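Generate coordinates for the sequence data below:
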Amino acid sequence: MRLELPQAGAAELPEGTKPGARGHGCEADQGRGTEAVRRMRQAKEVAKQAFPLQEENAMKRIVGVCLLIILFLIAAARGDEATEVKRLAPKYGVTPENIEVRLSDGSWADMVGRQYVYEVEWAENHYEAPGQATWYSIVTGKRPAVILLIRDWEKSAKHIWRAKAICKRLKIKLYLESVNNKQ
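All right, here's what the predicted structure looks like:
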């Protein structure tokens, strides 16, 4: 962006003023004080040209930070999948060292038991879980299983129905687990 610097003496007069009026080019007012004010005004104009969105950018940053805080609070209120995996592991006979296991191909299985490899997923993401469980089964040689985490049984009914149909068709063991005791 090219900045146009105002030339000395080329400043426009405000409407309704006449040349020679006090503060606008009168020979008597060409002292240091008036010149300093004129230069200050020119500097402000140059700054406005150079940084026109400075106030808008600050506002965007504030809005962005607020959105991040809101998203963090929503995520914290909804629960964390990793926390649920740790909570459910003993129920499925999985030891702590078999939670979040890195497989030979570099993928991560949520839980690896003696017979099953488990993919734990929220009910809303039910389409992803069977595919991941199937892949983990291929890599580990264990049978695939999906654990769906359910917050609200009524709102998740269609997700549960679809997951049951997919898992039945693909012969994947499906478990349903309540989160926050909403039934």
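
looking at the sheet around the nearest residue to Glu81 once chain neighbours are set aside, what are its partners?
Closest residue in space to Glu81, ignoring its immediate chain neighbours: Val120 at 6.2 Å, by CB to CB, 6 or more residues apart in numbering. Every residue, glycine included, has its C-beta placed from N, CA and C. Applying DSSP bridges to Val120 yields these beta-bridge partners: Ile147.

what number of residues lie near Val120?
Other residues near Val120 number 25, with proximity taken as other CB atoms under 10 Å.

That one contacts Val85, doesn't it?
Yes - Val120 is within contact range of Val85, at 5.0 Å (criterion: CB atoms under 8 Å).

Now for the two: what residues contact both?
Counting by CB atoms under 8 Å, 6 or more residues apart in numbering, the residues touching both Val120 and Val85 are Asp110, Met111.

And the pLDDT for the most centrally placed residue in the chain?
Centrality entry for the chain: nearest residue to the mean C-alpha point is Leu68, 6.3 Å, by CA atoms, centre = their mean. Among the per-residue scores, Leu68 holds a pLDDT of 77.

per-residue confidence for the residue nearest to Glu81?
For Val120, pLDDT reads 95.

Next up, the contacts around it.
Applying CB under 8 Å, 6+ apart, one finds that Val120 lies in contact with Glu81, Glu84, Val85, Leu88, Asp110, Met111, Ala129, Val146, Ile147, Leu149.

what's in contact with stretch 94-114?
Residues from elsewhere that reach stretch 94-114 (CB under 8 Å, 6+ apart): 81-82, 85-86, 88-89, 92-93, 117-120, 132, 135-136, 139-140, 142, 145, 147.

Report how many residues lie close to the spatially closest residue to Pro130 that is not a sequence neighbour.
Among residues not flanking Pro130 along the chain, Ile166 sits closest, at 5.0 Å (CB to CB, 6+ apart). As a burial measure, Ile166 scores 17 neighbours (other CB under 10 Å).

for Ile166, what are its contacts?
For Ile166, the contact set (CB under 8 Å, 6+ apart) comprises His126, Tyr127, Pro130, Ile172.
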